[in-house]
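Q: Show me the folded form of this:
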Amino acid sequence: MPEEQAFCVLVKIMYDYGLRDLYKNNFEDLHCKFYQLERLMQEQLPDLHSHFCDLSLEAHMYASQWFLSLFTAKFPLCMVFHIIDLLLCEGLNIIFHVALALLKTSKEDLLQADFEGALKFFRVQLPKRYRAEENARRLMEQACNIKVPTKKLKKYEKEYQTMRESQLQQEDPMDRYKFVYL
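A: As a prediction, this is how the structure comes out:
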């Protein structure tokens, strides 16, 4: 694909598919996505969610690149192409499907890992599993079969916004400006 067309596709994805929102307002929408992912894990993978809580392993520690780079940072192109195809057909929420599929297929390994082991697994071993196109295809099939109702995501988004409003009300207003002038 010529550079100009590739850039046009990037602009389209950023604006029309909501990827740009992840980068705005101090990454507020990205933090909301992390909250939604953790709530989905709590519901669909309760034992893994509990293990991550015990380790103090939070979604932003392993899923940042999933959302911000659409998995392009670590995963093989054969898998990324499938994800982008699904994104263009289904929208940004497909990232939740892929994330949950990755977590489900890796559950046993992750349950045995400590904090550092889990982070290393996400960074090194997990992307290696999908170098073979057949593995990537199977993962995408599994991702498409995972139910992530839009209604539920909206509910979790409202929960997050309520939680953030409560945090901001408890915060000293002067603390918000300290970072601006440092």
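Q: The residue nearest to Arg20 when sequence neighbours are not counted and Leu68, how far apart?
A: Spatial nearest neighbour of Arg20, excluding adjacent residues (C-beta to C-beta, 6 or more residues apart in numbering): Met14 at 4.1 Å. All C-beta spots, glycine's among them, are computed from the backbone N, C-alpha and C. Separation of Met14 from Leu68 (C-beta to C-beta, to the nearest Å): 12 Å.
Q: Quick check: Cys144 touching Val98?
A: No - using C-beta atoms under 8 Å, Cys144 is not in contact with Val98, being 9.5 Å away.
Q: which residues are common contacts for the two?
A: Residues touching both Cys144 and Val98 by C-beta atoms under 8 Å, 6 or more residues apart in numbering: Leu86.
Q: Quick one: mean pLDDT over stretch 114-133.
A: When pLDDT is averaged over stretch 114-133, the result is 95.
Q: quick one: terminal-to-terminal distance for it?
A: Stretch 114-133 has an end-to-end distance of 29 Å (C-alpha to C-alpha, to the nearest Å).
Q: Same check on stretch 117-133?
A: First-to-last residue span, stretch 117-133, C-alpha to C-alpha: 26 Å.
Q: now what about it, what contacts it?
A: The contact list for stretch 117-133, computed with C-beta under 8 Å, 6+ apart, reads 52, 55, 57, 61-62, 74-76, 78-79, 102, 105-106, 109-110, 113, 135-136, 139.
Q: what does stretch 141-156 give?
A: Around stretch 141-156, the neighbours that count as contacts under C-beta under 8 Å, 6+ apart are 35-36, 39-40, 44, 86, 93-94, 96-98, 100-101, 104-105.
Q: Return the member of those residues nearest to Gln5.
A: Gln5 lies nearest to Leu86 out of the contacts of stretch 141-156, by C-beta to C-beta, at 20.1 Å.
Q: buried residues in the host helix or strand of that closest one?
A: Here Leu86 sits within helix 77-90, counting by DSSP states H and E. Judged by neighbour count (16 or more other C-beta atoms under 10 Å), helix 77-90 contains these buried residues: Met79, Val80, His82, Ile83, Ile84, Leu86, Leu87.
Q: OK, contacts around the fifth one?
A: Contacts for Ile84 were tallied using C-beta under 8 Å, 6+ apart; they are Leu70.
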